[in-house]
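below are the sequence and a predicted model for it; my questions follow.
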Amino acid sequence: MKIIMLGAPGAGKGTQAKKIADKYQIPHISTGDIFRANIKNGTELGKKAKTYMDQGLLVPDELVVDLVVDRVQQSDCANGYVLDGFPRTIPQAEALDAALAKLGDKVDYAINVEVPDENIINRMGGRRACVGCGATYHVAYNPPKEEGFCDIDGEKLILREDDKPETVKKRLDVYHDQTQPLIEYYSSKQILKEVDGTVDMEDVFTAIVQILGV
């Protein structure tokens, strides 16, 4: 079961990817994790990626695809995997499909967690982070015991720059421009499945399990 998770930033696709990985005992794979592992282990691909990252440059699509394909060929992916945060663009998706095809492999499902922009802006605007330990809360869904202060170390909670409405809107604009075309791409391949991401997290997961059918 090879799955790609799609959805805007803040839609909850990462949370659902972890839940899928736990239930089906398959790896949850994010490009960030792959980069860190390869750099830490000093692999050739990791060294190449590090030269770009050290200069503050985006790692080229070709190298990212090589890293992902290398990862999904590892033994723990024998029964499948969940890709989270990749591909982000049509060229990445096409390169991934071509690389997997050479291995006689393909993606089984692309699951899109659908949440309107307005919901995402409200959802992310309610997040708060501890300046001390980094713990995160949400004013509506997961509030601290004492408003404005962390339950763990009592430090002040802040609204991070990434979660401010103007920043979220910019991230959503980039998503709609670059990533949303993937929905049409995977729809044309008849592997796209959509779930309503505005409902309770457990209900979203139930809908995904029904799609996967196992």
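Yes, it's here.

how about the CA coordinates for the helix or strand that contains residue 202, as CSV?
According to DSSP states H and E, residue 202 maps onto helix 201-212. Extracted in CSV, the C-alpha atoms of helix 201-212 (Å, rounded to 0.1, in the frame of the first residue of the first chain):
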residue,chain,number,x,y,z
MET,A,201,-9.6,14.2,13.4
GLU,A,202,-10.8,10.7,14.2
ASP,A,203,-13.6,11.0,11.7
VAL,A,204,-11.1,12.0,9.0
PHE,A,205,-9.1,8.9,9.8
THR,A,206,-12.2,6.7,9.7
ALA,A,207,-12.9,8.0,6.2
ILE,A,208,-9.4,7.2,5.2
VAL,A,209,-9.5,3.7,6.5
GLN,A,210,-12.8,3.1,4.6
ILE,A,211,-11.0,4.3,1.4
LEU,A,212,-8.1,1.9,2.0
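
now do it, average pLDDT.
Per-residue pLDDT over helix 201-212 has a mean of 95.

other SSEs contacting it?
Under the contact definition 3 or more Cβ pairs under 8 Å, 6 or more residues apart in numbering; DSSP states H and E, helix 201-212 sits against helix 13-24, strand 109-114, strand 192-196. All C-beta spots, glycine's among them, are computed from the backbone N, C-alpha and C.

okay, now residue 97: neighbour count?
Other residues near residue 97 come to 18 when the count uses other Cβ atoms under 10 Å.

wait, it sits on residue 103?
No. Applying Cβ atoms under 8 Å as the test, residue 97 and residue 103 come out as separate, 11.0 Å apart.

re the thing from before, what does the helix holding residue 202 contact?
Helix 201-212 has contacts (Cβ atoms under 8 Å, 6 or more residues apart in numbering) with 1, 3, 12, 15-16, 19-20, 23-24, 109, 111, 113, 193, 195-197.

for ChimeraX, what selects the buried ones among those?
The ChimeraX selection below is limited to those of those classed as buried (16 or more other Cβ atoms under 10 Å):
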select :3,12,15,16,19,20,24,109,111,113,193,195,197
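
how about the helices in this structure?
With DSSP state H, the ranges of helices along the chain come out as 13-24, 31-40, 44-54, 61-72, 90-102, 117-125, 165-174, 181-188, 201-212.
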